[in-house]
Each structure stands twice: as structure tokens, then as C-alpha cells.
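Novice: Sequence first, predicted model second:
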Amino acid sequence: MTAKTVIIYLIEVPIIIGILLISGCGMPKQPPMVKIANAELIINRAQESKAREFAPLALRYAEDNLQTATTALQNEEYEKATRFAQRAIVDAELAEAKAELEMARQATTEMRDSIEMLRQELNR
């Protein structure tokens with residue numbers, strides 16, 4: 001190994017690696033477009049499941065968090081946008097689950113009422 005090769009390995013390679021690491025840290029993160037699109041999709045699905053009627057607060061939180069995520073995205077605050085998009089997803093899923101639960105409760109009540117009515121008719 002020549003002296004020039006040793007100098008390259010000991011000095012130039014670490015400098016090049018350092019420059020690459022520093023430049024890599026300064027690169028902007030990717031915008032959370034997929035997370036925001038997923039949040040919009042899940043909010044729409046929650047709205048279709050009557051969440052506005054049965055879980056209005058959770059749906060409102062989801063919509064507010066999505067709006068905050070969208071604003072953060074426009075301001076290139078990608079970490080904040082990601083965080084609020086995730087919150088929007090969770091709140092929308094909660095709203096959807098609450099709506100489905102309430103619809104199931106109503107269906108159960110209707111079935112019980114029907115069964116009770118049939119029992120009364122059988123006892124006549």
C-alpha cells in the first residue's frame with residue numbers, strides 16, 4: 001500500500017462520508033400525502049356510516065385534525081402533518097365504530113320489539 005493510498009483511506013474517505021451524512025440529514029422529508037389521503041378516505045367512510053348522526057364529536061375531531069394536517073402540509077411541516085393525519089385516521093375510525101355500534105344497538109332493539117310482538121300474538 002502506498003502512502004497516497006493510506007492518505008486516501010485515512011483522510012479523504014472519512015471526509016466524503018461525513019459530507020454525505022451531513023447532506024443527508026439536511027434533506028427534507030417526504031410529504032405525508034398517503035397518510036392525508038387515507039385520512040380523507042376514512043373520514044368519508046365514517047360519514048357514510050352515519051357518524052355525523054351517531055358520533056358527531058369524534059367525526060368533528062377527525063375533520064379538524066385533517067384540516068390541521070393539510071395546513072401543515074402546505075407549510076411544509078411534514079412531521080406535524082403526519083402526526084395530525086394519524087390523529088384524523090384514529091378519530092375517523094372511532095367515529096365509524098361508534099356509528100356502527102349505535103346502528104347495531106338500534107337493530108337489536110327493533111328485533112327485540114318484533115320478537116315481543118310475535119310472543120304477544122302467539123299468546124292470544
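Specialist: Cool, the structure landed.
Novice: So for the biggest helix by length in the chain, mean pLDDT?
Specialist: When the chain is parsed with DSSP state H, its longest helix is helix 78-122. Averaged across helix 78-122, the pLDDT comes to 93.
Novice: Next, count neighbours for Arg83.
Specialist: For Arg83, the neighbour count with other C-beta atoms under 10 Å is 17. In short, each C-beta sits where N, CA and C put it, glycine included.
Novice: which residues touch the residue lying closest to it once chain neighbours are set aside?
Specialist: Distances taken as C-beta to C-beta, 6 or more residues apart in numbering place Ala69 nearest to Arg83, at 7.8 Å, with adjacent residues excluded. Residues in contact with Ala69 (C-beta atoms under 8 Å, 6 or more residues apart in numbering) are Pro32, Lys35, Ile36, Ala39, Lys80, Ala81, Thr82, Arg83, Phe84, Ala85, Arg87, Ala88.
Novice: Same check on Gln120?
Specialist: So Gln120 contacts nothing (C-beta under 8 Å, 6+ apart).
Novice: Show me the domain layout of this structure.
Specialist: Under the assignment automatic domain parsing, the domains of the chain span 1-30, 32-122.
Novice: Packed most tightly, which of these would that be?
Specialist: Among the domains of the chain, domain 32-122 has the highest mean neighbour count (mean count of other C-beta atoms under 10 Å), at a mean of 17.
Novice: ends of it, how far apart?
Specialist: With C-alpha to C-alpha, to the nearest Å as the measure, domain 32-122 spans 61 Å from end to end.
Novice: Which phi and psi values does Val49 adopt?
Specialist: Not quite, residue 49 is Ser, not Val. phi -90, psi 20 (degrees, to the nearest 10).
Novice: That one and Asn123, how far apart?
Specialist: According to C-beta to C-beta, to the nearest Å, Ser49 stands 38 Å off from Asn123.
Novice: That'll do, ta.
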